[in-house]
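Asks: one predicted model, sequence on top.
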Amino acid sequence: MRVLAIESSCDETGVAIYDSEQGLLAHCLYSQIEMHAIYGGVVPELASRDHIRKSIPLIKQVLKEANCTSDDLDGIAYTSGPGLAGALLVGACLARSLAWSWGLPALAIHHMEGHLLAPLLEDNAPEFPFVALLVSGGHTQLVDVKGIGQYEVLGESIDDAAGEAFDKTAKMMDLPYPGGPHIARLAANGDTKRFLFPRPMTDRPGLDFSFSGLKTSARNTILKCKEQNSSPSEEQDGELTSQDKADISVAFERAVVETLAIKCKRALLQTGHKRLVIAGGVSANKVLRQKLHEVMAKLKGEVFYPRPEFCTDNGAMIAYAGCQRLKAGQKDGDEIIIHPRWPMDELPAI
Ligand code: KG4
Ligand code: ZN
């Protein structure tokens, strides 16, 4: 079974071809980050227009790289949600049209299922069952995963997602979008003793998250630093110094990482699973990975994550998920349906 996939849920156009026997044959990605960076965040209409421009050239490119034509394909998978409605429509319309004209089955794939299964693209793939920590720009979820489509959401963020909190905090410090990698880079030179931010919702039972209070702590600290740095003297301009930014970054990163680690440990003890998967953009964070290695060593378990380029949005994860589901005989009707909101536990098992 050989599947072409299109990912267009947000600000990255990802296309890939996955073969159930030979693995990943080709993948390519066009990131719109530069275009959105000047606005400080994703502009949905611009995202949709750019997906229109980039999708077909990328499809031609992966077919060439995989050394195949449409005749060698057995199905098409595309991200149908959750995500930006216009951006999703571009991928969905294109995928469905190609499937119709090439006489292939097509299948709508859940973006977060793609992230969740991304570590299965690696050589050291986890076996089921496992606990998955999904940490992206739009979602923070802990999921009990018993198999493909057998997902029980154990907890999620009641307000900002972890990645969103990184991005908003970075914006308050005038760092470029998306802020997560910039905070991570600055944190490496930060003084861990200068600021201490709260570990939200860790003092009560449960597996839900909340990151908006943490963001407020960061905002208050930023304002205080700016106030301290403003004086009539010419050297102090009321802006954050690079040391302030590094110190706030390390305090913020530590608070997010420790909060996520505490909840992961709880979810593992609750389910009895010995494997933890982390996926989504924030799973690229090295401090988070290190912390979760420590947690899993104590629990005598193992942590799994995708290579960095498959932590953030990509077509390979959608091709993998699509291949597993199409191979199991699943396919959609001819209608073009997108799901800007789509609970994961509604997905069918295979
Ligand atoms: O999964 P993703 O590419 O897109 C969504 O599905 O949302 O995740 C993007 C998010 C952004 O919020 C970005 O700031 C964050 O992942 N991110 C990171 C790092 N790399 C990306 N956050 C913290 N540390 C990183 N190294
Ligand atoms: Zn994503």
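Replies: Noted; the coordinates are in hand. Ligands and ions are numbered 1, 2, ... in the order given.

Asks: which ones are touching A85?
Replies: Listed by C-beta atoms under 8 Å, 6 or more residues apart in numbering, the contact set of A85 reads 44, 338, 340. C-beta: built from backbone N, CA, C; applies to glycine.

Asks: show me which of the residues you listed are buried.
Replies: 44, 338 (16 or more other C-beta atoms under 10 Å).

Asks: in helices, which of the contacts of A85 fall?
Replies: Of the contacts of A85, the ones assigned to helices by DSSP state H are P44.

Asks: which SS class is the residue nearest to A106 when sequence neighbours are not counted?
Replies: Computed as C-beta to C-beta, 6 or more residues apart in numbering, the closest residue to A106 that is not its neighbour in sequence is A99, at 3.6 Å. Here A99 is helix, with the state taken from DSSP: H, G, I helix; E, B strand; the rest coil.

Asks: please look at L104 and D72 and confirm they touch.
Replies: No. In this structure, L104 is not within contact of D72 by C-beta atoms under 8 Å, at 10.8 Å.

Asks: coming back round to it: would a markdown table of the contacts of A85 with distance to ligand 2 be doable?
Replies: A markdown table is the format used below for these (distance: C-beta to the ion, whole Å):
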| residue | distance to ligand 2 |
| --- | --- |
| P44 | 15 |
| I338 | 15 |
| P340 | 14 |
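
Asks: identify the residue nearest the residue positioned nearest the centre of the chain in space, chain neighbours excluded?
Replies: With distances taken as C-alpha atoms, centre = their mean, G280 lies nearest the centre of the chain, 2.5 Å away. Excluding the flanking residues, the one nearest G280 by C-beta to C-beta, 6+ apart is S136, at 3.4 Å.

Asks: mind checking how far S210 is from V282?
Replies: Distance of S210 to V282, given as C-beta to C-beta, to the nearest Å: 16 Å.

Asks: same question for I109.
Replies: 21 Å.

Asks: kindly report the same for D244.
Replies: 23 Å.

Asks: so which residues of the chain form helices?
Replies: 33-37, 44-65, 85-102, 111-117, 162-172, 180-187, 212-228, 242-271, 286-298, 315-327.

Asks: for the first one, buried residues please.
Replies: Going back to what we said before, that points to helix 33-37. For helix 33-37, a neighbour-count test (16+ other C-beta under 10 Å) marks H36 as buried.

Asks: can I get the CA coordinates of that helix in PDB?
Replies: Output of helix 33-37 as PDB, limited to C-alpha atoms (Å, rounded to 0.1, in the frame of the first residue of the first chain):
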ATOM      1  CA  ILE A  33       6.800  31.000   9.000                       C
ATOM      2  CA  GLU A  34       8.700  33.900   7.300                       C
ATOM      3  CA  MET A  35       5.600  35.300   5.700                       C
ATOM      4  CA  HIS A  36       3.600  35.200   9.000                       C
ATOM      5  CA  ALA A  37       6.500  36.400  11.200                       C
END
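
Asks: quick one: contacts of that helix?
Replies: 11, 42-43, 46-47, 50, 176-178.

Asks: got JSON lines for the helices of the chain, with distance to F197 too?
Replies: Putting the helices of the chain into JSON lines (distance: least, C-beta to C-beta, whole Å) gives the following:
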{"stretch": "helix 33-37", "distance to F197": "26"}
{"stretch": "helix 44-65", "distance to F197": "31"}
{"stretch": "helix 85-102", "distance to F197": "33"}
{"stretch": "helix 111-117", "distance to F197": "26"}
{"stretch": "helix 162-172", "distance to F197": "10"}
{"stretch": "helix 180-187", "distance to F197": "12"}
{"stretch": "helix 212-228", "distance to F197": "5"}
{"stretch": "helix 242-271", "distance to F197": "4"}
{"stretch": "helix 286-298", "distance to F197": "14"}
{"stretch": "helix 315-327", "distance to F197": "31"}
